[in-house]
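Novice: how does the following fold in three dimensions:
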Amino acid sequence: MSLIKPNWNGPDTVSAFSTLRQGGVSLPPYDSFNLGSHVGDDQNSVRTNRTLLVERLQLPQMPVFLEQIHSTKVIKLPITNTSSLTADAVYTDQPNQVCLVMTADCLPVLLTAEQGNEVAAVHAGWRGLCNGILEQTVAQFRCPKTKIIAWLGPAIGPKKFQVGQEVVEQFCKQNMQAGLAFKRDPNESGKYLGNLYLLATQRLNQLGITNISGGEYCTFTQHDQFFSYRRERQTGRMATLIWFADK
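Specialist: Numbering: from 1, shown residues only. Below is the predicted model:
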């Protein structure tokens, strides 16, 4: 199973990864390491892939898989009521609790306290990012915001994330600096190309978080490595996950 590890200076007790599309059992167009059960893939294949994830990464337990709806809701682990898993971020201050989000163009963000005793995973599509999913997640942390380390996982890149004027306006209403993250699409009138990595960095910087890495991938163009909803529509999902062990 192929993986990406954050290129950050995270604590030794913290483990973090993003999966790639190879290494599983799913058939096209979900080939092959699809972890999403909501995309039309054979459910037995998804269960097998999730079991492989636990075994190969030696996870302390099967992760909670959220029902992501581009909201600003954050779930805290451990969770007792598994009947309501509708959220777009997951936080924990307990060891061996795996925080996981799934993406296929949207931006996954991992957060950890410098001490390694608080972690979170965030599904930051443009709607959630604009409406404050990062802010809501960071608000869960007890440590000073300046002591949080962030990694921006694989997302659609700034040359392929096309949006309309209304998206630009929504971001600029929240933060005028967001205008720097959009450029006019030279190939289509009235359209813009947005930089999710820059938008997330701006929002994290506003919170006092400056220790940020990642942001070098494009899920749309790197088709051998990543699923991409905008490229294929019917496709699988990668996972980005983080947890910490007992010291």
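
Novice: report the buried residues of the helix or strand harbouring residue 47.
Specialist: Using DSSP states H and E, residue 47 maps to helix 43-57. Buried residues in helix 43-57, counting neighbours by 16 or more other Cβ atoms under 10 Å, are found at 45, 46, 49, 50, 52, 53, 57. Quick note: C-beta positions are derived from backbone N, CA and C, even for glycine.

Novice: which residues does the helix or strand that that helix is followed by contact?
Specialist: Per DSSP H and E, the first helix or strand lying C-terminal to helix 43-57 is strand 74-77. Here strand 74-77 makes contact (Cβ atoms under 8 Å, 6 or more residues apart in numbering) with 64, 66, 85, 87-92, 94, 97-99, 120, 133, 136-137, 140.

Novice: rerun at 7 Å
Specialist: Contacts to strand 74-77, defined as Cβ atoms under 7 Å, 6 or more residues apart in numbering, come from residues 64, 66, 85, 87, 89-92, 94, 97, 99, 136-137, 140.

Novice: centroid-nearest residue for this protein?
Specialist: Nearest to the geometric centre of the chain sits residue 108, at 1.4 Å (Cα atoms, centre = their mean).

Novice: tell me the strands beside the host helix or strand of that residue, with direction?
Specialist: Using DSSP H and E, residue 108 falls within strand 107-113. Strand 107-113 has its sheet partners listed here by DSSP bridges as strand 119-124 (antiparallel), strand 148-152 (antiparallel).

Novice: now the strands for this structure?
Specialist: Assigned by DSSP state E, the chain shows strands spanning 3-4, 14-19, 74-77, 89-92, 99-103, 107-113, 119-124, 148-152, 162-164, 182-184, 191-194, 211-214, 238-244.

Novice: out of those strands, which is the most enclosed?
Specialist: strand 119-124 (a mean of 28; mean count of other Cβ atoms under 10 Å).

Novice: can you tell me what sits against that one?
Specialist: 14, 68, 88-92, 99-101, 103, 106-112, 133-134, 137, 140, 200, 240-244.

Novice: one more time with 6 Å
Specialist: 68, 88-91, 99-101, 106-107, 109-112, 133, 137, 200, 240, 242, 244 (Cβ atoms under 6 Å, 6 or more residues apart in numbering).

Novice: cool, and stretch 166-182?
Specialist: In contact with stretch 166-182 (Cβ under 6 Å, 6+ apart) are residues 130, 192, 194, 195, 198, 199, 202.

Novice: hmm, 10 Å instead?
Specialist: 126-127, 129-132, 135, 158, 161, 163, 165, 184, 191-203, 205-206 (Cβ atoms under 10 Å, 6 or more residues apart in numbering).

Novice: chain neighbours aside, what residue packs nearest to residue 192?
Specialist: residue 182 (4.5 Å; Cβ to Cβ, 6 or more residues apart in numbering).

Novice: go on, residue 132?
Specialist: residue 72 is the one closest to residue 132 (Cβ to Cβ, 6+ apart), at 5.0 Å.

Novice: what's the answer for residue 131, then?
Specialist: residue 72 (5.2 Å).

Novice: again with residue 218
Specialist: residue 157 (3.0 Å).
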